[in-house]
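Engineer: have a look at this prediction, sequence included:
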Amino acid sequence: MSAAEFAALHARLRRGTSEGAGERGALALITPAHVLRAAAEVRSGRTVTMAARVQTEPGPDDPEPCAHVMTGAVRGAIEAHGLQFARDRFAMNVHGDADSHLDALCHVIYDGTLYGGTDADSVTESGATALTVETARDGIVGRGVLLDIPRLRGVPWLEPGDHVTADDLVAAERAQQVHVSAGDLLFVRVGHRRRRAELGAWDTSGLRAGLHPYALEFLRERQVAVLGSDGNNDTAPSSTEGVAFPVHVLAIHAMGLHLLDFLWFEDLVEVCEAEGRWSFLCVVAPLRLPGATGSPVNPIAVF
C-alpha cells in the first residue's frame, strides 16, 4: 500500500467515526442494550481466559520481561510461630511483544495528534492526561466473536508476514455460522501463540502475521467496538509505505478502537468447538493506572 493509498484509507475511516463518541471512542458503540444482548450469550456458565501467562524469562520477542520480585517471607526465612506475609512486586513493559495487554487511545501519536484530533502534548513525562486507560475504568463488557483464520484455511497458524483480509473475515463468519454486529468485540486468531508454543519464540518485531489495513473497512462497516488478536493485530514487515504499524494507526487514531494485543486463544478455540458456537459474553477489566497508555488484561469469555 502506498503512502497516498494509506492516507486515503485513514481519511475514510476517520470520517466514518461516530459523532459524540468522545474519549471512549468506539466503546460508545456498546450501549446498555448491547450488554443485555451479550448477557444472553451465557447458557452453560463455562468461563475461559483469553490472556497468556505473563512472561518473566527473557526471549527473542521479550528481551525485557516482567520482573517479579518476592518482597516478603520466603523459604528459609519463615518462622515457626506467629504471623508473616508472603509479598511480591511486579514491574513490566505494558506494550511488549509477548504479554497480553490493552492499548488505550492515547497510545498512538500520528501526525502530531491523538484520536479525535486531541493534542499529542497531552502525553506528558508524568503520564497522559487524555484518552488514557481510565476511559475503560468501568470495564469493557459485550458480545465477543472469535474468527479463526487458520481454521478457515486448514492450517495450524498463519506464517509470519501473512495477512488477514476482509474477505477472510467474511469467509470465517460463513464457515463458523456467526455474524459480527454493531458493538461487538471482535477477536481474530492468526495462530501466533500456537506457533510460538510449538516452534519457540522469535523476534516478532520484524516478522509476524496480522490484519491487512484494508480489513479495517470490514470493522467500520460492522461497527466493531474493540479489536483483539493473538498477535499484535499488525503484520510485519509492514504492508504500508512509511507506516510501521498501519492497523494500530487506523484502529486507534482514525477509528477510536481499543486494541487487545497478544491474547491467548488456544483454550478458547477448544471451548468454542465444544459449545458449538463462536460468540460469547466477554468481560475485559483493565487496571485503573493513572495516566497510563495501556494495561495488562485478562479478558474472560463466558458461555
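Structural biologist: Yep, it's here.
Engineer: so where is the chain shaky, pLDDT-wise?
Structural biologist: The chain contains residues with pLDDT under 70 at 18-21.
Engineer: go again with 80.
Structural biologist: 16-21 (pLDDT under 80).
Engineer: could you point out the longest helix in it?
Structural biologist: Longest helix in the chain by number of residues, with DSSP state H as the criterion: helix 3-15.
Engineer: pull the CA atoms of that helix into CSV?
Structural biologist: What follows is helix 3-15 as a C-alpha-only set of coordinates in CSV (Å, rounded to 0.1, in the frame of the first residue of the first chain):
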residue,chain,number,x,y,z
ALA,A,3,1.5,6.3,1.4
ALA,A,4,-1.2,8.0,-0.7
GLU,A,5,-3.5,5.0,-0.5
PHE,A,6,-3.0,4.7,3.2
ALA,A,7,-3.8,8.4,3.7
ALA,A,8,-7.0,8.0,1.7
LEU,A,9,-8.0,4.9,3.8
HIS,A,10,-7.2,6.8,7.0
ALA,A,11,-9.4,9.7,6.0
ARG,A,12,-12.3,7.4,5.0
LEU,A,13,-12.2,5.5,8.3
ARG,A,14,-11.8,8.8,10.3
ARG,A,15,-14.8,10.3,8.5
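Engineer: show me what it is packed up against.
Structural biologist: Contacts defined by 3 or more C-beta pairs under 8 Å, 6 or more residues apart in numbering; DSSP states H and E place helix 3-15 against helix 216-222. Every C-beta, even on glycine, is put in place using the N, C-alpha and C of the backbone.
Engineer: what's near enough to touch Ala40?
Structural biologist: Contacts for Ala40 (C-beta atoms under 8 Å, 6 or more residues apart in numbering) come out as none.
Engineer: no, scratch that, I was asking about Glu23
Structural biologist: Glu23 neighbours (C-beta under 8 Å, 6+ apart): 105, 116, 130-131, 135.
Engineer: just among those, which is most surrounded?
Structural biologist: Ranked by the number of neighbours (other C-beta atoms under 10 Å), those place Leu105 first, at 31 neighbours.
Engineer: now that residue. Nearest residue, chain neighbours left out?
Structural biologist: Leu131 (3.9 Å; C-beta to C-beta, 6 or more residues apart in numbering).
Engineer: what sits against the one you found?
Structural biologist: Each residue near Leu131 by C-beta under 8 Å, 6+ apart is listed here: 23, 25, 104-106, 114-116, 118, 122.
Engineer: also Glu79?
Structural biologist: Applying C-beta under 8 Å, 6+ apart to Glu79 gives the contacts Ala73.
Engineer: dihedrals phi and psi, it?
Structural biologist: When read as degrees, to the nearest 10, the backbone of Glu79 gives phi -80, psi 150.
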